[in-house]
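# what shape does this take:
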Amino acid sequence: MNASTSLDTGSGRAIGAILIDAGRLSPDGAERILRAQRDGGLRFGDAAISLGLLKESDIQFALSRQFDYPFLQAGESSVSDEVVAAYRPFTHQVEELRALRSQLMLRWFDAEAERKTLAIVSPERGEGRSFIAANLAVVFSQLGERTLLIDADMRNPRQHTMFSVSNRLGLSETLAGRGGPEAVQRVPALLDLCVMPAGAVPPNPQELLSRPMFSQLLGQLAKDFDVILIDTPAGAEYADAQTIAVRASGALMVARKNVSRASRLHRLADELVTASATLVGSVMNEPC
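Numbers count the residues shown, from 1 in each chain. Below you'll find the model as predicted:
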């Protein structure tokens, strides 16, 4: 019996066929599940779990492949486990990230208005800018948006370690005229997601970001991507965040519960508005 022709199909390939091809289910196991499914009037996944042949994580894995909703399994990727949207997409924490994504789609991103770029800012280090930027990039890519995450924190870069991409060439080399398209790297396990790392830490990040080349680069990248998110340095420590937000046209403010100070948040917000950047909104980062 060819199990792959007989299992639930949804909108993509059969769940059983996906699991057999992935080495998570044997053909004999698939036949046992089919019999239990028929005899008990169960869904394929419920029958498989009741027999002890599959786990809930196996079913979620198959569904993600079936409906082109990629996520990662622990131990199967070098992407950091901080990228929770890539590993645990069905949790309440990631559901809140998807709600934030929806608000940004409604309030900011608009291809016709040429609004594709957003800077992620906060006053201090340790408030979760990199975490929010990385996970927002993942949930946008899971929506099918061609997404680029740029690490413009050329003082304390983190995105290359979070997504396990090379930092040999990145934003700093590109702005210095020593990098090209190869600085943009696709994340193999996550469809529609690319990362441009910060590159080598330069002695003059503020000057590099102030050059016309940065605006030109964002304009060029906007031709190839639907959403561009930019991680930034601490806004209270450096003027880089303001420069980036102006070039991006918009900024999302990140605050961390019980850590961020309201006075610093208000000051950075005033500085962004004074610099003619649009403050799109704010998000409270409450780590689990």
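
# where exactly do the helices run in the protein?
15-21, 27-40, 44-50, 56-66, 84-87, 92-107, 129-142, 159-162, 171-175, 205-210, 212-221, 240-248, 262-274 (DSSP state H).

# off-centre distance for the last one?
Averaged C-alpha coordinates place helix 262-274 at 26 Å from its chain's average position (CA atoms, centre = their mean, to the nearest Å).

# what mean pLDDT does that helix have?
In this model, helix 262-274 has a mean pLDDT of 95.

# how big is the angle separating it from helix 240-248?
40 degrees (axes from the mean of the first three to the mean of the last three CA atoms, to 10 degrees).

# and helix 262-274, which residues are buried?
Across helix 262-274, burial judged by 16 or more other CB atoms under 10 Å covers 264-265, 268-269, 271-272. For the C-beta atoms, the positions are set from N, CA and C on the backbone; glycine is no exception.

# what's the most distant pair in the residues you listed?
Across the buried residues of helix 262-274, the longest distance by CB to CB is 12.7 Å; it joins 264 and 272.

# most distant residue from the middle of the protein?
residue 39 (42.2 Å; CA atoms, centre = their mean).

# can you list the weak-confidence ranges in this structure?
1-13, 64, 66-70, 113, 287-288 (pLDDT under 70).

# repeat that for 80
Across the chain, the ranges flagged by pLDDT under 80 are 1-14, 22, 57-76, 111-113, 189, 287-288.

# closest to residue 192 out of the helices of the chain?
Of those, nearest to residue 192 by CB to CB is helix 129-142, at 4.2 Å.

# and the end-to-end length of stretch 269-285?
17 Å (CA to CA, to the nearest Å).

# return the distance of that stretch from the chain's centre.
Here the centre of stretch 269-285 is set off from its chain's centre by 21 Å, with CA atoms, centre = their mean.

# possible to save the helices of the chain as TSV with distance to residue 286?
Putting these into TSV (distance: least, CB to CB, whole Å) gives the following:
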stretch	distance to residue 286
helix 15-21	35
helix 27-40	40
helix 44-50	32
helix 56-66	25
helix 84-87	13
helix 92-107	9
helix 129-142	11
helix 159-162	19
helix 171-175	29
helix 205-210	30
helix 212-221	31
helix 240-248	22
helix 262-274	15
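
# re the thing from before, make JSON lines out of the buried residues of helix 262-274 and add distance to residue 197.
Putting the buried residues of helix 262-274 into JSON lines (distance: CB to CB, whole Å) gives the following:
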{"residue": "264", "distance to residue 197": "27"}
{"residue": "265", "distance to residue 197": "28"}
{"residue": "268", "distance to residue 197": "25"}
{"residue": "269", "distance to residue 197": "28"}
{"residue": "271", "distance to residue 197": "27"}
{"residue": "272", "distance to residue 197": "25"}
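
# mind listing what residue 143 touches?
residue 101 (CB atoms under 8 Å, 6 or more residues apart in numbering).

# run the last query once more with 10 Å
69, 98, 101-102, 105, 192, 226-227 (CB atoms under 10 Å, 6 or more residues apart in numbering).

# correct me, but residue 153 touches residue 202?
No. Using CB atoms under 10 Å, residue 153 is not in contact with residue 202, being 12.0 Å away.

# check the gap between the closest residue to residue 25 other than its chain neighbours and residue 87 for me.
Leaving out its chain neighbours, the residue that sits closest to residue 25 by CB to CB, 6 or more residues apart in numbering is residue 19, at 3.9 Å. Using CB to CB, to the nearest Å, one obtains 19 Å as the distance from residue 19 to residue 87.

# who has more neighbours out of those two?
Neighbours around residue 19 and residue 87, counted as other CB atoms under 10 Å, are more numerous at residue 19. The numbers are 27 against 19.
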